[in-house]
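>>> Could you work out the structure for the sequence below:
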Amino acid sequence: MLKREADTHTPADIQQLMLDVGRNAKKAARVLAMQPATVKDAALHAAADAIIAGKEEILAANARDLLNVEGKGLQPSFIDRLTLTSQRIDDMAEGLRAIARLPDPVGDVIAAWERPNGLKIERVRTPLGVIGVIYESRPNVTADAGALCLKAGNAVILRGGSDSLFSSQAIHRCLCAGLAKAGLPEEAIQMVPVADRAAVGAMLSGLDGAIDVIVPRGGKSLVARVQSEARVPVFAHLEGLCHIYVDASADLDMAVQIVVNAKMRRTGICGAAETLLVDRQAAATHLQPMLAALSAAGCEIRASDEVRAQVSGLLPATEDDWRTEYLEAIISVTLVDGIAGAIDHISTYSSSHTEAVIAEDPAVVARFFNEIDSAILLHNASTQFADGGEFGMGGEIGISTGKMHARGPVGVEQLTSFKYRVHGTGQTRP
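Below you'll find the predicted structure:
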């Protein structure tokens, strides 16, 4: 068993260690900001090759992590996020190649205009600098975050959970191999070398100005701590309490397929549907077929009294159910008075992550899109599409429900800021 380095480090040691990590990241960020797309893409392809070549090593490391969590009573959704398979490793490598194929955002001219005095002004994308990513249980985040930050010209400091320590370290070695082969500094993608929680506190402090943005990926307690304590901007969502509203105008077969997929495809992801809202006018035709399909798929249904009066064998829903992100094969169901009732319910209980409307009435869809202010809204599609890869971003570092420029899936473009370039011909201000 690998001994945790934190066992032999004092708080002062960890603080100094993290300050060194931050300084090295800042130096690497300056180098990355100047790199052409060809160099960054070469590093990503080389890292993908290393992941495929190191598949057995990664699987062995993951087996050690899974063995370490046996008997801890963890939820199946947690185990699923921790588990790597041969296919998931292949997908990880392909994710790096997909990111390499994306256009390089750095240097992209977002807007340009000329003033009456002849000044020519451009708004141009630039890297954010150094990004800190704090995550739990998902070893694939090591690859996704490292690749996205690299593509956007940012250095990244990764702090994975202790439960995925060996898996993340194995993946990180592959990323470093890719950097080295492309001639880039390995400090561009660093993993925090200690498991002590004091390292997280050091990152949240900003490492003496080294870290520009923090991205947490994990449970509610982790995200809440980061949002509460961070002294730098945070891209995050506290939870994914996602809703599906099925309107009276919805195609029944489509509604059944979408609802089952949204809840049951992968129950442990933040885009899984947690609450089903059904138009009262559709209850007689749509309610029973949708709930029967969910039940047949193995989903536990917690329903309002009105729903239970129409469909037998359901568990009663409580007020807490409308506020719960289950991340399991459980869904809460109630009836609402059309689109107005759906909007009221979502506005009351939503975490502003992802909501879907199943409807054929364009007026209903327009009102849903206009009046609900969640980060992602879908029409006639599963909430499981709330994912940067599915958006064509090549992957995501996380999903943000804040109101800053990075909202929804945080991909390559969202990991950039901008600056203004102003060209003159000798103008002075009167």
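>>> All the strands of the stretch 101-250 of the chain, residue numbers only.
Assigned by DSSP state E, counting those that start in this stretch, the strands in the stretch 101-250 of the chain fall at 109-114, 120-127, 130-135, 155-159, 189-191, 213-217, 242-246.
>>> To L74, which of these lies closest?
The closest of the strands of the stretch 101-250 of the chain to L74 is strand 130-135. By C-beta to C-beta, the value is 16.0 Å. C-beta: built from backbone N, CA, C; applies to glycine.
>>> what mean pLDDT does the closest one have?
What strand 130-135 shows for mean pLDDT is 95.
>>> who does that strand pair up with?
Its sheet considered, strand 130-135 pairs with strand 155-159 (parallel), strand 213-217 (parallel) by DSSP bridges.
>>> buried ones in the first one?
Buried residues in strand 155-159, counted by 16 or more other C-beta atoms under 10 Å: A155, V156, I157, L158, R159.
>>> what's next to that strand, contact-wise?
Residues from elsewhere that reach strand 155-159 (C-beta atoms under 8 Å, 6 or more residues apart in numbering): 21-22, 25-26, 28-29, 32, 129-135, 141-142, 145-146, 149-150, 168, 172, 187-192, 199-200, 203, 207, 211.
>>> Keep only those of these that are in helices.
Residues of the contacts of strand 155-159 located in helices (DSSP state H): 21-22, 25-26, 28-29, 32, 141-142, 145-146, 149-150, 168, 172, 199-200, 203.
>>> going on from the helix or strand containing D253, what's the next piece of helix or strand?
Here D253 sits within helix 252-264, counting by DSSP states H and E. Sequence-wise, the next helix or strand downstream of helix 252-264 (DSSP H and E) is strand 273-279.
>>> List the strands paired with that next one, with their directions.
strand 242-246 (parallel), strand 330-336 (parallel).
>>> mind giving me the domain split of this protein?
Domain ranges of the chain: 10-236+403-421, 242-385, per automatic domain parsing.
>>> quick revisit: let's have the strands paired with strand 130-135 in CSV, adding distance to L287.
Output for the strands paired with strand 130-135, formatted as CSV (distance: least, C-beta to C-beta, whole Å):
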stretch, distance to L287
strand 155-159, 45
strand 213-217, 36
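>>> worst average pLDDT in those strands?
strand 213-217 (a mean of 90).
>>> what does it contact?
For strand 213-217, using C-beta under 8 Å, 6+ apart, the contacting residues are 128-129, 131-136, 138, 141, 145, 203-204, 222-223, 226-227, 230, 232-236, 397-398, 410.
>>> Show me the shaky parts of this structure.
In the predicted model of the chain, residues 1-8, 238 satisfy pLDDT under 70.
>>> check contacts around I346.
Neighbouring residues of I346 by C-beta under 8 Å, 6+ apart: H243, Y245, L277, E355, I372, S374.
>>> which element is the residue nearest to E371 when sequence neighbours are not counted on?
In space, and not counting its chain neighbours, E371 is closest to I343: 5.2 Å by C-beta to C-beta, 6 or more residues apart in numbering. Secondary-structure assignment from DSSP H and E places I343 in helix 338-349.
>>> Who are the contact partners of H45?
Contacts of H45 by C-beta under 8 Å, 6+ apart are L96, R97, A100, G178.
>>> redo that, cut-off 6 Å
Taking C-beta atoms under 6 Å, 6 or more residues apart in numbering, we find H45 in contact with A100.
>>> does it count as helix, strand or coil?
Assigned state for H45: helix (three-state reduction, DSSP: H, G, I helix; E, B strand; the rest coil).
>>> Likewise for L377?
Assignment for L377 (three-state DSSP): strand.
>>> Look at it and say how many residues are nearby.
Residues lying near L377 (other C-beta atoms under 10 Å) number 18.
>>> need the contact list for it.
E355, F369.
>>> gap between it and R30?
As judged by C-beta to C-beta, to the nearest Å, L377 and R30 stand 39 Å apart.
>>> Next: Q310.
Distance, Q310 to R30, using C-beta to C-beta: 64 Å.
>>> With just CA atoms, put stretch 148-162 into PDB.
Output of stretch 148-162 as PDB, limited to C-alpha atoms (Å, rounded to 0.1, in the frame of the first residue of the first chain):
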ATOM      1  CA  LEU A 148      -9.100  21.200 -21.800                       C
ATOM      2  CA  CYS A 149      -6.900  23.500 -19.800                       C
ATOM      3  CA  LEU A 150      -3.900  22.700 -22.100                       C
ATOM      4  CA  LYS A 151      -5.900  23.300 -25.300                       C
ATOM      5  CA  ALA A 152      -7.000  26.700 -23.900                       C
ATOM      6  CA  GLY A 153      -3.400  27.600 -23.100                       C
ATOM      7  CA  ASN A 154      -3.800  27.300 -19.300                       C
ATOM      8  CA  ALA A 155      -1.700  25.500 -16.700                       C
ATOM      9  CA  VAL A 156      -3.700  23.400 -14.300                       C
ATOM     10  CA  ILE A 157      -3.300  22.100 -10.800                       C
ATOM     11  CA  LEU A 158      -5.300  18.900 -10.200                       C
ATOM     12  CA  ARG A 159      -6.300  17.800  -6.700                       C
ATOM     13  CA  GLY A 160      -8.100  14.400  -7.100                       C
ATOM     14  CA  GLY A 161      -9.900  12.600  -4.300                       C
ATOM     15  CA  SER A 162      -8.000  10.100  -2.100                       C
END
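>>> Tell me the gap between that stretch and the middle of its chain.
When distances are taken as C-alpha atoms, centre = their mean, to the nearest Å, stretch 148-162 is centred 13 Å away from the chain's centroid.
>>> What of stretch 286-297?
29 Å.
>>> quick one: buried residues of that stretch?
Here stretch 286-297 shows H286, L287, M290, L291, A293, L294 as buried, counting by 16+ other C-beta under 10 Å.
>>> Output the residues you listed in CSV; the columns should cover secondary structure and distance to F418.
Formatted as CSV, those follow (DSSP: H, G, I helix; E, B strand; the rest coil; distance: C-beta to C-beta, whole Å):
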residue, secondary structure, distance to F418
H286, helix, 46
L287, helix, 49
M290, helix, 45
L291, helix, 48
A293, helix, 47
L294, helix, 45
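>>> Let's have the residues you listed in TSV, adding distance to M254.
Output for these, formatted as TSV (distance: C-beta to C-beta, whole Å):
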residue	distance to M254
H286	11
L287	15
M290	11
L291	16
A293	12
L294	15
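>>> Tell me the spacing between D337 and L277.
10 Å.
>>> Comparing the two, which shows the higher neighbour count?
Between D337 and L277, counted using other C-beta under 10 Å, the more crowded position is L277 (23 against 12).
>>> okay, how far is it across stretch 68-77, tip to tip?
One end of stretch 68-77 sits 16 Å from the other (C-alpha to C-alpha, to the nearest Å).
>>> List the contacts of it.
D163, G268, L327.
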